[in-house]
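**Q** Can you look at this prediction? I've put the sequence above it.
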Amino acid sequence: MDLDARKLDELLEVSRENNEILRGMRRAQRWTSLFRLVYWAVILGSIFGVYYYFQPTIQKYMRTIQTSVGIIQNFEKSAGSIPTDLQAVKNLIGR
């Protein structure tokens, strides 16, 4: 009977120690999840903050690019009519 009581006491002690370890692991997991959330919030927040800060500059460059594309398209349209203009000049000179 003494042996069974001692084994039960050891089992109770091991169970309590195991429970303490498991609680510590769960606590560490919660802290890790919280820090991971804060980590990603800082990264995403800084990305949106940088965009908000540089938005006027980005819009200015986007307008410049759109204007440049428009100028290039107008030049291509004009360059497409160069051969017909050259033919007209040859006809004038040849007359």
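**A** Yes, it's here. Model, not experiment: these values are computed from the prediction.
**Q** Let me know the pLDDT of I43.
**A** At I43, the pLDDT value in this model is 97.
**Q** For L12, see how far away it is.
**A** 47 Å (C-beta to C-beta, to the nearest Å). Using the backbone N, CA and C atoms, a C-beta is placed for each residue, glycine as well.
**Q** Secondary structure element for G70, which one?
**A** For G70, the host element (DSSP states H and E) is helix 2-80.
**Q** now that helix, how far from the centre of its chain.
**A** Remark: helix 2-80 is offset 10 Å from the chain centroid, using C-alpha atoms, centre = their mean, to the nearest Å.
**Q** Remind me what it packs against, helices and strands.
**A** Secondary-structure packing of helix 2-80 (3 or more C-beta pairs under 8 Å, 6 or more residues apart in numbering; DSSP states H and E): no helix or strand packs against it.
**Q** Low-confidence regions, this protein specifically.
**A** Low-confidence segments of the chain, defined by pLDDT under 70: 1, 79-87, 89, 95.
**Q** at 50 instead, please
**A** Flagging of the chain using pLDDT under 50 yields an empty set of residue ranges.
**Q** List the residues that contact L12.
**A** Neighbouring residues of L12 by C-beta atoms under 8 Å, 6 or more residues apart in numbering: there are none.
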